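*Asks:* pasting the structure only:
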């Protein structure tokens, strides 16, 4: 179900907005609009659908408009054109009073630099959102204690926030947002100001939390590694435009343009790319009780293969057959291949990552079979495909490397 | 020749004629306020007063300042200026209170509204740079002679610092804190009272300190229109060429200034 829908959203800053709006409709470029009207186009014709309960990451470099865009969802920034819908309500046309209610009850935000009140204690910072709603002191402190427990801040209740480390302060920021029990969490570069180790830890904790809470989270980051780690889906923004929306794997394996490609180059692909995207989905197979030794040998010779997966009825994966065994079988003149099927071969699921496939490589003859939960063969992943994914080098380069190694 | 003076004269005369009733009312209220204040200060025996101020100094500014306060105030008493000093203190504090009453809200307004700031800032520049004596003229025309016109001139002269520093304090509240507060559904009033004012408080207190110091300097000048107090002693020293008396009055003013400054700065440093 769609929770937040952003339709044709544009955000302009500057003097001659009405003229700039016309130029956007005419499809004029950002530079042209800036030159002629003095208006900066922060976001341009953005369209996004964020599903209920998903962690949606908007990723882009500074100046890409990602923070401006997320601030439109709770209208800290006013959209210049377009609409934003939250649970079927048009946010853009709310009255001030309705807007306050939405900010108080339905969404909460976590900020890069925390935005905590330095003159108050941890507890009173966390209860702050409820205080604004007019919740009684007793009630709001009870709820604040609950969210203190969730983010692991027990024992810090009465400390002043400026005495805490960055990571701890951001826990307070997160707890403050959770205390309101919002349906939507907006996290603007929430972990970007933290040390790398603390950041990793906070990411893991957020993932654990999300596992339990299942909130709709819009997470802004400039770090693709973070986006890939956290996001169920990622939108990549550049110069105010949404360049690509997709799952982390879609973005890595099928980047929409050179810009996205350049980003993805530095990513540790092994942890993201899964068997399903690098497997050969209609591999050559041996069907038991159907293929005889002659047919198998021909299949292998044609493609220079020396091992093939064997399947039974309903595509059940049974094991593999190796060339030397088939040759022996032909010599003996036996037709039944059941005796030479090697059953102890590793297989992986479609969502197994390349990283997890690596340790299996020594046990693999030529290709790693991919099966579904019911052990039906879905495809095979060749060993070279795994190496290509891990090294980031292409087939030709790898052949060269192998050749060099042989020459030595 | 361009005769701006003439138009200002016309305006002031028009105000005097048409708002005489209003000025009378102000005169009575402010006059009563100052008199009452002065009455209380005079009613307290000097030794209790000195002990009380020294204790306050100890609490807010430490031992050294407390000792200095004690000796300084005893010196003033010893010179025989106690009554005048209390008159000056009453006038300074009444003027400061009135200046804060107008100045803090004005500073809040300009701190949150750029357009207001654009209009008000030049007016503050004018109020601060105009020679202080000039305020005495309309003050006398509106309120006659005495402490009330003195307070009027003092309020105008001493208000700008607290307006400016309140403005500054509100603007210095980090944007992300304001944004976070708004994102949780704070109304404009909640933002002001729960976030902006508490965070601006140290800066506002610095403004209060500056306003008190400027009020003290103006109150001395206001002796020229019979506002009374220590300024009168200094004035007598000048007009009658009594060098010694003039300096005695001056020393009393300096002591008072140091005491007021240290104590209010103690409030600024408050965490």
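*Replies:* Okay, I see it. All figures in this text were calculated on a predicted structure; none of them were measured in a lab.

*Asks:* Report the central residue of chain A.
*Replies:* residue A:231 (3.1 Å; Cα atoms, centre = their mean).

*Asks:* okay, it: pLDDT?
*Replies:* Residue A:231 carries a pLDDT score of 92 in this model.

*Asks:* what does chain B have sitting close to chain A?
*Replies:* B:174, B:176-177, B:179-187, B:190, B:194-195, B:198-199 (Cβ under 8 Å from any Cβ of the partner chain). (Each C-beta comes from the backbone N, C-alpha and C, glycine too.)

*Asks:* Quick check: residues of the stretch 151-300 of chain A near chain B?
*Replies:* Counting by Cβ under 8 Å from any Cβ, the stretch 151-300 of chain A sits next to chain B at A:176, A:180, A:186.

*Asks:* Show the contacting residues for the last one.
*Replies:* The one in question is residue A:186. Residue A:186 is in contact with A:70, A:73, A:74, A:107, A:108, A:109, A:110, A:217, A:218, A:220, B:183, counting by Cβ atoms under 8 Å, 6 or more residues apart in numbering or on different chains.

*Asks:* Could you verify that it is part of a helix?
*Replies:* No - applying DSSP: H, G, I helix; E, B strand; the rest coil, one finds residue A:186 to be strand, outside a helix.

*Asks:* Tell me the bridge partners for it.
*Replies:* Bridge pairing for residue A:186 (DSSP bridges) gives the partners residue A:109, residue A:218.

*Asks:* ok, residue B:72 touching residue B:258?
*Replies:* Yes - when contacts are counted by Cβ atoms under 8 Å, residue B:72 is listed as touching residue B:258 (6.9 Å).

*Asks:* Just want to know which of the two has more residues nearby.
*Replies:* The residue with more neighbours, out of residue B:72 and residue B:258, is residue B:72; 22 against 14, by other Cβ atoms under 10 Å in any protein chain shown.

*Asks:* which residues does that one contact?
*Replies:* B:255, B:258, B:259 are the contacts of residue B:72 under Cβ under 8 Å, 6+ apart.

*Asks:* Now flag whichever of the residues you listed is closest to residue B:105.
*Replies:* The closest of the contacts of residue B:72 to residue B:105 turns out to be residue B:259 (Cβ to Cβ; 28.5 Å).

*Asks:* Find the nearest non-adjacent residue to the residue of chain A found nearest chain B, please.
*Replies:* As assessed by Cβ to the nearest Cβ, chain B sits closest to residue A:115 within chain A, at 2.9 Å. With sequence-adjacent residues excluded and distances taken as Cβ to Cβ, 6 or more residues apart in numbering or on different chains, residue A:115 is closest to residue B:180, at 2.9 Å.

*Asks:* Please verify my assumption that the one you found contacts residue A:118.
*Replies:* No - Residue B:180 is not in contact with residue A:118 according to Cβ under 8 Å; the separation is 12.0 Å.

*Asks:* what about the residue nearest to residue A:115, helix or strand, and which?
*Replies:* helix B:175-183 (DSSP states H and E).

*Asks:* just checking, next helix/strand downstream of that helix?
*Replies:* In the C-terminal direction from helix B:175-183 (assignment by DSSP H and E), the next one is helix B:188-190.

*Asks:* quick one: buried residues of that following helix?
*Replies:* residue B:190 (16 or more other Cβ atoms under 10 Å in any protein chain shown).

*Asks:* okay, residue B:212: pLDDT?
*Replies:* Confidence score, pLDDT, at residue B:212: 92.

*Asks:* Residue A:283 now?
*Replies:* Residue A:283 is given a pLDDT of 86.

*Asks:* thought it was touching residue A:309?
*Replies:* Yes - counting by Cβ under 8 Å, residue A:283 touches residue A:309, with 6.6 Å between them.

*Asks:* which residues of the chain score low on pLDDT?
*Replies:* Picked chain A for this. Applying pLDDT under 70 to chain A picks out no residues at all.

*Asks:* Correction: the question concerned chain B.
*Replies:* Ranges of chain B meeting pLDDT under 70: B:270-271.

*Asks:* could you redo the last one with a cut-off of 80?
*Replies:* B:1, B:268-271 (pLDDT under 80).

*Asks:* if you count residues, which helix in it comes out on top?
*Replies:* helix B:82-112 (DSSP state H).
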